[in-house]
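*Asks:* predicted structure and sequence below. I'll ask about it afterward.
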Amino acid sequence: MESSSGATYLTKGIRQLLEVVQRPERTAAQGLDGVVCGKTELIGFADDRVQYCGEDIEQLCDRGSFEEVMWLLLNRCSADPDELADLHALLDESAVIDGPIAETIAAVPLQIRPLDLFPLAVSLLSCFDPTPDDRTLAGSTSQFWRVMAQLPVLLHVAFGGRLEDGRIAVGDEGEALSWAGRLLQVLRDDNEAPSPIEEHAMNVVMTCQCLTELRPACFLARFCGSAVNDVVAGLKAASSVYVSQLRNDPFAWTSARMKQFKSPDEAESWWHARQPKTMPFGFRPETEDLRATLLRQQGRELLGSVPAMVLEACAARLEHLQARQGQFPTTDWAAARVLTLLNVPEDRISLAIGIARLVGWAAHTIEQHTSGIPLLPSLRYAEEQEFC
């Protein structure tokens, strides 16, 4: 059902967007990269801190519960123990898919890029939802929770995994995993259950990546929130834009590059041979985001093998070289680094990050719809944010 009040904000947003596009300083080459809208209370920066809905990101990462973060962003308040227990039960109960949808995703050619499965999976889960006609805000929010519960199951099938009664078939070692831990197991080629340290690191990655500083995909999510009260519509729009921006996947490039280095000296030699000497992804000229620092700390907890130690040393050397030029690692660089250490295949890293951002996109859609704030395109982050 369409929102009766959304059309006014939609019209204002379109007019303001056209004004921005038509400004002389906005060249055709720049397009809409970095355009943001409205204002948000979902994320804030103050005194070198990062907050989600008023909660310090450092404390959220320490607790290591992405389920808690999901609840916080969608409800804009912390969950009490009973609410969190109910959410765990809902995600566990909903983590099952029917035969027809499993057969549909299994028929996708094996050579398809994993990231291209992302918007397809969201759309399929929406089509097979048991309440397709409920388009109230509360109904579509419930559908979002089912999408989050079922997405790892659907990807498990897409990657060649098997199901038992519509659920992921795993041994006893995987039964106590959190939602993020289960996703990590699905993304790995060997389907190996993560250790507690790896599971905690995955929860931190998902927490740090679920919200961005209003990038283009967030803009689309908020745009949908101005027009309709269907949360999943915002997910479809945002996920499609996210995938379209990653035709040349910088996350995969970063992971592959770091794994190729045999030593920090080799990494430095590669850097000095670059012309011009700039990193195409992962660094920007400002102080480091606290989330990148938190992710670096997680990476140092994952050095249980010689290849992992070499990768970490090479990444640290490149960061040191960038710091000399006033360039500091972004959350995206740090997340790619940790996911590589977690043995996520390079072509699935951007998929993991996109899944984390589903939560932020849903929260943006809801916030925009319920706040009634007109869309206000801005160029504030145009020169600061990563493309995706």
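*Replies:* Thanks, I have the structure now. As the structure is a prediction and not an experimental result, all values here were calculated from the model.
*Asks:* I'd say residue 123 and residue 236 touch.
*Replies:* Yes: between residue 123 and residue 236 a contact is recorded at 6.0 Å, counting by Cβ atoms under 8 Å. Backbone N, C-alpha and C define where each C-beta goes, glycine included.
*Asks:* of those two, which one has the most company?
*Replies:* Remark: of residue 123 and residue 236, residue 236 carries more neighbours, 18 against 15, as counted by other Cβ atoms under 10 Å.
*Asks:* where does the prediction get shaky in the stretch 151-300 of the chain?
*Replies:* Where the stretch 151-300 of the chain drops to pLDDT under 70, the residues are 170-175.
*Asks:* ranges for the helices of it?
*Replies:* Taking DSSP state H, counting those that start in this stretch as the test, the helices found in the stretch 151-300 of the chain are 179-187, 196-209, 216-227, 231-245, 250-260, 264-273, 290-299.
*Asks:* now the second one against helix 290-299, angle please.
*Replies:* I take that to be helix 196-209. In terms of direction (axes from the mean of the first three to the mean of the last three Cα atoms, to 10 degrees), helix 196-209 departs from helix 290-299 by 170 degrees.
*Asks:* residues in contact with residue 192?
*Replies:* Applying Cβ atoms under 8 Å, 6 or more residues apart in numbering, we find residue 192 in contact with 185, 343.
*Asks:* and the gap between it and residue 185?
*Replies:* Applying Cβ to Cβ, to the nearest Å, the value for residue 192 to residue 185 is 7 Å.
*Asks:* and residue 332, which of the helices of the stretch 151-300 of the chain is closest to it?
*Replies:* The closest of the helices of the stretch 151-300 of the chain to residue 332 is helix 250-260. By Cβ to Cβ, the value is 7.1 Å.
*Asks:* how about the closest one: buried residues?
*Replies:* Buried residues in helix 250-260, counted by 16 or more other Cβ atoms under 10 Å: 250, 251, 252, 254, 255, 257, 258.
*Asks:* ok, those vs residue 367, which is closest?
*Replies:* Closest approach to residue 367 among the buried residues of helix 250-260 (Cβ to Cβ): residue 251, at 26.6 Å.
*Asks:* give me the contact list for stretch 62-70.
*Replies:* Contacts with stretch 62-70, where a contact means Cβ under 8 Å, 6+ apart, come from 52, 60, 78-79, 84, 87-88, 91, 148, 178-180, 199-200, 203-204, 206-207, 210, 356, 359.
*Asks:* now find how far off-centre stretch 309-319 is within its chain.
*Replies:* 24 Å (Cα atoms, centre = their mean, to the nearest Å).
*Asks:* would you mark the buried spots in that stretch?
*Replies:* 310, 311, 312, 313, 314, 315, 316, 317, 318, 319.
*Asks:* likewise stretch 331-343?
*Replies:* Buried residues in stretch 331-343, counted by 16+ other Cβ under 10 Å: 331-343.
*Asks:* quick one, strands of this structure?
*Replies:* Assigned by DSSP state E, the strands in the chain fall at 43-46, 49-52, 55-56, 163-164, 167-168, 283-284, 328-329.
*Asks:* tell me the strands beside the fifth one, with direction?
*Replies:* The strands that strand 167-168 pairs with in its sheet are strand 163-164 (antiparallel) (by DSSP bridges).
*Asks:* quick one: residues in contact with the partner strand.
*Replies:* Outside strand 163-164, the residues that touch it by Cβ under 8 Å, 6+ apart are 97, 102, 153, 156, 157, 169.
*Asks:* residues contacting residue 52?
*Replies:* Per Cβ under 8 Å, 6+ apart, neighbours of residue 52: 42, 43, 60, 69, 72, 73, 211.
*Asks:* looking at the buried residues of stretch 331-343, which are in helices?
*Replies:* If you go by DSSP state H, the buried residues of stretch 331-343 have 331, 332, 333, 334, 335, 336, 337, 338, 339, 340, 341 in helices.
*Asks:* out of the residues you listed, which comes closest to residue 363?
*Replies:* The nearest member of those to residue 363, counting by Cβ to Cβ, is residue 331 at 17.1 Å.
*Asks:* not including adjacent chain positions, what is the nearest residue to that closest one?
*Replies:* Distances taken as Cβ to Cβ, 6 or more residues apart in numbering place residue 291 nearest to residue 331, at 4.6 Å, with adjacent residues excluded.
*Asks:* surely that neighbour meets residue 51?
*Replies:* No: between residue 291 and residue 51 there is no contact under Cβ under 8 Å: 11.2 Å.
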